[in-house]
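K.L.:
model the following, please.
(3 chains)
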Amino acid sequence: MLMVFMLTILSIVTFLLFNAVPTDPARLTCGKTCSPATIEANRIRLGLDQPLITQYLEWIKGIFAGRTYGSGTATFNCDAPCLGYSFRNGEQVTDMIVTSLPVTIYLALGAFVLWMVGGISTGIYAARKKGKWQDRAIMGVTLVGYSLPVFFIGILMLIFVVVRWNILPYPSYVGPNVDTLQFLQTMILPWISLAILYAAYYTRLTRSQMLDTMSEDYIRTARAKGLPEKIVLRKHALRAGLTPIVTSAGLDLAGLLGGAVITEYIFGLPGLGRLAIGAVTEYDLPTITATTLVAATFVIVANIVVDLLYAAIDPRVRLQ
Amino acid sequence: MNKTTNIRFGVGVASVALLLSACSSKSDNNSQSGTAGGTLYILTAAEQILHLDPQRNYTGEDLAFASGFLNRTLTQYAMTKDNNAASQIQADLATDTGTASDGGKTWEFTLRDGVKWEDGKPVTCADVAYGVSRTFATDVITDGPTYAISLLDIPKADGVSEYPGPYKASAAQQTLFDKAVVCDGNKLTFNLGAPTADFNYAVTLSAFAPVRKDADTGERYDDSVLSNGPYKIASYVKNSKLVLVRNDQWSKDTDPIRPAFPDSIEYVFSIAQPLLTQRLMKDSGKDAMAISPDGVDPTQLAVIFGDAKYTNRRLNDYDPYVRYIAINTKKVPNVKHRQAMLAALNRADLRKIAGGKYAGDDADGVVKPNIGQDYAATGLWDGLLGEAIPDTGNVALAKKLIAESGEKFPNPIVFDYGQSPTADKSASAIVAAMARAGIVVKPNPIEVGAYYGVVLDPAKQGSLSAGGWGPDWSNASTVLPELFTPGGGFNLSQFDDKAFTAESDAAKAIADRVEQAAAWQALNVKAAELALVIPTRFGKEQRIQGSMVQGAYIWGPYGSYPYGALSVSQ
Amino acid sequence: MARKNNDVLEVPQSVTVTVGRTLTQIAWLRLRRDRVAKVCMAILIFIAFIAIFAPLICNVLKIDPYEFNSALLSDDGGLPSGRFGGVSLAHPLGIEPLTGRDILARLLYGSRISLFIAVTATAITVVTGVVIGILAGNSRGRLDTFLSRVMDITLAFPLLLVIIAMSPVLEQRIASFGIPEGNSSRIVTLILVLSVFGWPYLARLIRGQVLSLREREFVEAAISIGSSNRRILFKELLPNLWGPILIYTTIALPGLIGAEATLAFLGISVLPPTATWGSMLQESVSYFSVDPFYFFVPLTMLLAAVLSFNLLGDALRDALDPKAGRM
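P.N.:
Predicted structure coming up:
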């Protein structure tokens, strides 16, 4: 219910925001010989002649019942769930999202697994070696890791791994079921470059959580009971320290599922982020609105899932 | 002339340039050599081909691609490296290059027998007529050239044709079109509104290509073009790739133009931009069989042209365009002020920013030498404005001109340009150069996709606008009136001068070609003297392709690869 | 615990704050004993110094950020003649390809803009975040629900897209409020869009702090003796919020410097010919293979600033952490 409410608000805000763009999309689709009549025809074709509220309702109707585009004998249907028709791309927005979403999902999930495994294990290691040189080294490296501008790691990896050292072929996306090897060769660098950025943060987060919970009373109790250090670490410290990590992980994953704009851009991955950025630069309103909404939906869903997980993991939350 | 976006170089114009140096219409078969078979790869950073729909396609590169592989037209240019020969049209779908009568008001073409669509049905005269009629449906068929609307004898009211296109025409409206484009068996007759001596050149545009009514999907025909050329679409996923395979219904016997060497074509989209050129340079694996329409990454120019190992893989040739900065005469009405800007500009800086010797040559007007007889040096930089202006500018002259004008310079003036890193630097150079003469320029970078929407809107256009233009015909009638008269389609200078327009109209009507050329040359000098634009460069373009690609050159008529003639060695 | 989920940067940034009692003096003492923190402070002061005195330094060195030196470039692609991107006595850090502008001068002037944007945006973020956070935490009830929803919705947006799409609109609006069009309105736009990122995170954090502080004995005591709302706010709550605010600031600043660079990478930056670290980085990255020196100059500067801020933030957090071992 809350989700439906949030999504409705979001869709309205998105719709209003992007319709405030001053450039006239009808003018943009009109070439050199652009008479006022042609612009007007274009405006009607794009549905921009109607009041905003009608445009919004039409759009909502399209999502649930589909709608019809075009005029005369050149009409065509956009079946539900119809998120609109991109006249610039000549494609239904729903189709565009359906083709680009898997790319983004592969990218986000691959990177997610890498950074969670890498970040948490390094974080635990650093916590156990607190104050020693290993801890300091890890903290230093991770600090550099997240100080770097986002595009930097990706570009540098491309230049060295692909251009200079010839370790991997040039990235060229194909689906995993089409050519698994090429898929992996293309995805490995984007995965790593995203994972480096996030792992740096998760390492630090895990370390500080571990250190925090290690000083809690119940850990001291557990130790006092004579439990082996490993059990203390795994059953008690890690579990309690997990909550904020889960929260972060959920939101980060959701954010990435909405499109890792820069990484997709650098590696030429045809995902949601690239779709969105292309739509934004070309003022393709239906596509902008739809991609924004999809991205926002991921975040809202993630928020709810995280809340549920929160209760499931943290013993203190469960007790209350 | 259409505009499109060229993000890499920041010059916002790429258009169909139909450069014809002679009006011969003999169709001799030039022998093209190449290896049959294999796959040709085309790599681009773009997400899709702008338009494959023949009536909507209007960019040089895409036209060359589509007419080489998918859409045949009544006439077409020869695919040859020699610019003179390439500018001559040959019969393609028609049996000859057309016959004019009634002083050029009526044109007749006879269709070739045995040409088939990919599903085996014959290409008929009705298909061509239907294709032409689609241009009129301006609410569905956008972006394409509108020559059919302006040339055919169909009444217009306020510039809008009374025929609304095939999708929603009433029977009466359809009759209007059917009277202008008449089919009689294999014979196709076009009735034009005014004598047009070069109409058979206009039909090289795929806007005059056939489309079969039962295959027309309107808006969405862009993705599912029914082919009558040597290849057909096997699959097309935007953002990913377009695959063409041989069209088994096409026969070499009915096509004198296309050698059709490769077995298939793969057009790969969304290639990571920063490294596209370096990928082609490396030439490994399938990339050896690849070309790219995107042009060379400017940072790699010195490497590619400095190393002998790229000798056979690199191209450096004139493109069809003149680059210039249009001066809005409504906002800078004083001619001395405009001349002062010409004198103040540092063209040498601009050329360096665009890549030094790879950028092209210093331009002295909007007519480019490769147009043929309509070009003559204007002497713009050699004293036409009173003193010589070296390529670094003549600041003293600029100050003198402003002083002579009797008015204060209308500072500050806004410079519109399509944003790109290169264009940003050019803008800075312009700001710096103009400042030397006390002219304050405010750069106004505009999102490339929105650029023409802004500058073609008089309410939003600034005082200076970056532009580029190439002729549609080898006649300056497709340049000077287009750029400098109120009826022109690309009058960024907002120039509306009765005397100039009258002279331009008079020149258009001159029947004697030599006399006409002299008139255009005089008018070009006049435009230069009036400082309607600051001409900056006669542009060049550079490309690199894989080592196994054969027959690559810059094809004059479209300023593109000669797609239909390319082959890959095995 | 709060976090800055930053899809703009695709970089998560931790704001793991554990607030303790006001132990300002202890914290300051700890900080002064921290060698790393001292080095960072020195670097940051140095950067601020060269940014503030950029015109003076350029005058002394006789370099100009906007002057074209195309004579120093080869005609063969416009690359700088000479080693290390044209490093010479006249141009200590070399010249820019294609234009020949002095890189050191551009870097110095660029520092001014980059730092100005980051500092101002941080200030706006912090003030907005604190005010809204206190408002929400202190009022509870409907206002709290409303503000929390606004935060949720703001956070759910893919902000990068909104920023790219909205920047031109926003800039026009700003210009229509009388701020000169061109670079002034562009810089204000950048500052505003960058501020939009951050405030909900800080507001959430502050709201949580206020909620828990209100349950604490000393605030309950103050309420019970009938202190005014105002007094409670300024005398009881605010002093206890300085810790998280300070830590957030040291984390937000480098984040915003990076965000400016990221936006520049996507083409949203100040108008040319003005430079920022981000715009220089964005331009130089394509020259990496032919003129790497050009790329390393702005990168080094940006990294030095961002790293110093982050390290300082770390040190500050340790210093303010009551649970950390007493030194």
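
K.L.:
for chain C, which spans come out with low pLDDT?
P.N.:
Applying pLDDT under 70 to chain C flags the ranges C:1-24, C:140, C:168-169, C:181-182, C:197, C:321-327.

K.L.:
show me where it has helices.
P.N.:
For chain C, the helices defined by DSSP state H occupy C:24-33, C:35-52, C:54-61, C:103-139, C:141-156, C:159-176, C:183-214, C:217-224, C:229-231, C:238-265, C:277-284, C:292-320.

K.L.:
got those helices as JSON lines, with distance to residue B:60 and mean neighbour count columns?
P.N.:
Every C-beta, even on glycine, is put in place using the N, C-alpha and C of the backbone. Formatted as JSON lines, those follow (distance: least, Cβ to Cβ, whole Å; neighbours: other Cβ atoms under 10 Å in any protein chain shown):
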{"stretch": "helix C:24-33", "distance to residue B:60": "65", "mean neighbour count": "14"}
{"stretch": "helix C:35-52", "distance to residue B:60": "48", "mean neighbour count": "15"}
{"stretch": "helix C:54-61", "distance to residue B:60": "46", "mean neighbour count": "14"}
{"stretch": "helix C:103-139", "distance to residue B:60": "37", "mean neighbour count": "22"}
{"stretch": "helix C:141-156", "distance to residue B:60": "44", "mean neighbour count": "16"}
{"stretch": "helix C:159-176", "distance to residue B:60": "30", "mean neighbour count": "20"}
{"stretch": "helix C:183-214", "distance to residue B:60": "35", "mean neighbour count": "22"}
{"stretch": "helix C:217-224", "distance to residue B:60": "73", "mean neighbour count": "12"}
{"stretch": "helix C:229-231", "distance to residue B:60": "71", "mean neighbour count": "10"}
{"stretch": "helix C:238-265", "distance to residue B:60": "31", "mean neighbour count": "23"}
{"stretch": "helix C:277-284", "distance to residue B:60": "29", "mean neighbour count": "26"}
{"stretch": "helix C:292-320", "distance to residue B:60": "34", "mean neighbour count": "22"}
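
K.L.:
with distance to residue B:570 added, can I get the ones you listed in JSON lines?
P.N.:
JSON lines is the format used below for the helices of chain C (distance: least, Cβ to Cβ, whole Å):
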{"stretch": "helix C:24-33", "distance to residue B:570": "71"}
{"stretch": "helix C:35-52", "distance to residue B:570": "60"}
{"stretch": "helix C:54-61", "distance to residue B:570": "60"}
{"stretch": "helix C:103-139", "distance to residue B:570": "49"}
{"stretch": "helix C:141-156", "distance to residue B:570": "55"}
{"stretch": "helix C:159-176", "distance to residue B:570": "46"}
{"stretch": "helix C:183-214", "distance to residue B:570": "55"}
{"stretch": "helix C:217-224", "distance to residue B:570": "83"}
{"stretch": "helix C:229-231", "distance to residue B:570": "85"}
{"stretch": "helix C:238-265", "distance to residue B:570": "42"}
{"stretch": "helix C:277-284", "distance to residue B:570": "42"}
{"stretch": "helix C:292-320", "distance to residue B:570": "39"}
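
K.L.:
so for chain B, which of these sits nearest?
P.N.:
helix C:277-284 (5.7 Å; Cβ to the nearest Cβ).

K.L.:
next one: the closest one to chain centre, how far?
P.N.:
Mean C-alpha position of helix C:277-284 versus that of the full chain (Cα atoms, centre = their mean, to the nearest Å) differs by 17 Å.

K.L.:
which residues touch the residue lying closest to residue B:485 once chain neighbours are set aside?
P.N.:
Distances taken as Cβ to Cβ, 6 or more residues apart in numbering or on different chains place residue B:501 nearest to residue B:485, at 4.7 Å, with adjacent residues excluded. For residue B:501, the contacting residues are B:485-487, by Cβ atoms under 8 Å, 6 or more residues apart in numbering or on different chains.

K.L.:
which SS class is the residue in the stretch 401-550 of chain B positioned nearest to chain C?
P.N.:
In the stretch 401-550 of chain B, the residue that lies nearest chain C is residue B:428 (3.4 Å; Cβ to the nearest Cβ). Following DSSP: H, G, I helix; E, B strand; the rest coil, we place residue B:428 in the helix state.

K.L.:
chain center to stretch C:264-275, what's the gap?
P.N.:
The answer for stretch C:264-275 is 17 Å, by Cα atoms, centre = their mean.

K.L.:
stretch C:108-115 now?
P.N.:
Distance, centroid of stretch C:108-115 to centroid of chain: 12 Å (Cα atoms, centre = their mean).

K.L.:
who touches it?
P.N.:
Residues contacting stretch C:108-115 (Cβ under 8 Å, 6+ apart): C:47-48, C:50-52, C:54-55, C:57-58, C:65, C:187, C:257, C:260, C:270, C:274-280, C:298, C:301-302, C:305.

K.L.:
coming back round to it: the residue of the stretch 401-550 of chain B closest to chain C contacts residue C:100, correct?
P.N.:
No: the pair residue B:428 and residue C:100 fails to qualify as a contact (Cβ atoms under 8 Å) at a distance of 11.6 Å.

K.L.:
isn't there a strand covering residue B:189?
P.N.:
Yes: counting by three-state DSSP, residue B:189 is part of a strand.

K.L.:
show me what contacts residue A:250?
P.N.:
Taking Cβ under 8 Å, 6+ apart, one finds A:302-303, A:305-306, A:309 in contact with residue A:250.

K.L.:
what about it, which helix or strand?
P.N.:
helix A:239-257 (DSSP states H and E).

K.L.:
go on, residue B:514?
P.N.:
Applying DSSP H and E, one finds residue B:514 within helix B:513-529.

K.L.:
relative to helix B:513-529, how tilted is the next helix or strand along the chain from that helix?
P.N.:
Downstream of helix B:513-529, the first helix or strand assigned by DSSP H and E is strand B:533-544. For strand B:533-544 against helix B:513-529, the angle by axes from the mean of the first three to the mean of the last three Cα atoms, to 10 degrees is 110 degrees.

K.L.:
adjacent strands (with direction) for strand B:533-544?
P.N.:
When pairs are called by DSSP bridges, strand B:533-544 turns out to pair with strand B:314-327 (antiparallel), strand B:360-362 (antiparallel).

K.L.:
a markdown table for the ones you listed, including mean pLDDT?
P.N.:
Converted to a markdown table, those look like this (pLDDT from 0 to 100):
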| stretch | mean pLDDT |
| --- | --- |
| strand B:314-327 | 91 |
| strand B:360-362 | 89 |
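
K.L.:
select, out of those strands, the one closest to residue B:82.
P.N.:
strand B:314-327 (12.3 Å; Cβ to Cβ).

K.L.:
how about that closest one: buried residues?
P.N.:
B:314-316, B:318-327 (16 or more other Cβ atoms under 10 Å in any protein chain shown).

K.L.:
where in the stretch 101-250 of chain A is pLDDT low?
P.N.:
Using pLDDT under 70, the flagged stretches of the stretch 101-250 of chain A are A:235, A:237-238, A:240-241.

K.L.:
on that earlier part again, which of the contacts of residue A:250 are buried? Put it as a ChimeraX command.
P.N.:
Applied in ChimeraX, the following selects the buried portion of the contacts of residue A:250 according to 16+ other Cβ under 10 Å:
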select /A:302,303,306,309
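
K.L.:
buried sites along the host helix or strand of the residue nearest to residue B:485?
P.N.:
Assigned by DSSP H and E, residue B:501 belongs to helix B:498-509. Residues of helix B:498-509 classed as buried: B:500-501, B:503-504, B:507-508 (neighbour count, 16+ other Cβ under 10 Å).
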